[in-house]
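Engineer: coords please:
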Amino acid sequence: MSMITRAKALGAASAVALVGPALMTNFLMAAEGMDPGDIKILNVAIELERAGIKAYTDAAGTGLLTPGTLAIAKGFLGDHTAHRDALIAAVKAGGGTPSEATTHLDYPPLKSEADILNFAYVVERTAANTYLSVIPAFKNRDLAKVAASILGVETTHVAILGFALKKGSEPYPSSFVTA
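Structural biologist: The predicted model follows:
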């Protein structure tokens, strides 16, 4: 693997602060000399993370969330921001141009906290399914490992929201999750 330059490390400072130096260093090292197909996958992920950021920002702005739920939503927002920043840094480290687009989400009417939580559940399941589907497509297996680590966070979001919404009869219904 090649060395991370000082400029690349400084350029990723906000992402390093959010995701931790070890993960970010591995991510940037994996990005060096990246395959164009891998850059394309990362750009799709950037667009998806931006959609998550927008959804949680919009939800927080409704004034419908109780303080506890708002705190969790802000935590999820922070996770999506860290993912976006890390993905942008990786695309730049790989010599690509990060996408500026945001994946379009069809918003249902958001008239209550339950509406917002149900929408967030759909958003998080979509993110988890997307990361799961792209892991095999990465040519660089180190990037696949990083995508898998993001997948773990997205599935944690799904589990928390599912439990809050009482999706399923028990908090730990099975050894396997179905899409």
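Engineer: in terms of pLDDT, where does K167 sit?
Structural biologist: You'll see K167 listed with a pLDDT of 77.
Engineer: pretty sure it contacts N118?
Structural biologist: No: judged on C-beta atoms under 8 Å, K167 makes no contact with N118 at a distance of 9.3 Å. Glycine gets a C-beta too; all of them are placed from N, C-alpha and C.
Engineer: look at these two and report which has more neighbours.
Structural biologist: When K167 and N118 are compared for neighbours, N118 comes out ahead with 16 against 13, by other C-beta atoms under 10 Å.
Engineer: show me the contacts for the more buried one.
Structural biologist: P108, L165 (C-beta atoms under 8 Å, 6 or more residues apart in numbering).
Engineer: when you give positions from now on, start the count at 38
Structural biologist: New numbering, starting at 38: the last item is N155.
Engineer: let's verify it: helix, strand, or coil?
Structural biologist: The three-state assignment at N155 reads helix, by DSSP: H, G, I helix; E, B strand; the rest coil.
Engineer: same question, T140
Structural biologist: Per three-state DSSP, the local secondary structure of T140 is coil.
Engineer: and for A126?
Structural biologist: Assigned state for A126: helix (three-state reduction, three-state DSSP).
Engineer: give me the distance between it and L154.
Structural biologist: Between A126 and L154 the distance, using C-beta to C-beta, to the nearest Å, works out to 31 Å.
Engineer: who's more crowded, the two?
Structural biologist: A count of neighbours by other C-beta under 10 Å puts A126 above the other of A126 and L154, at 25 against 20.
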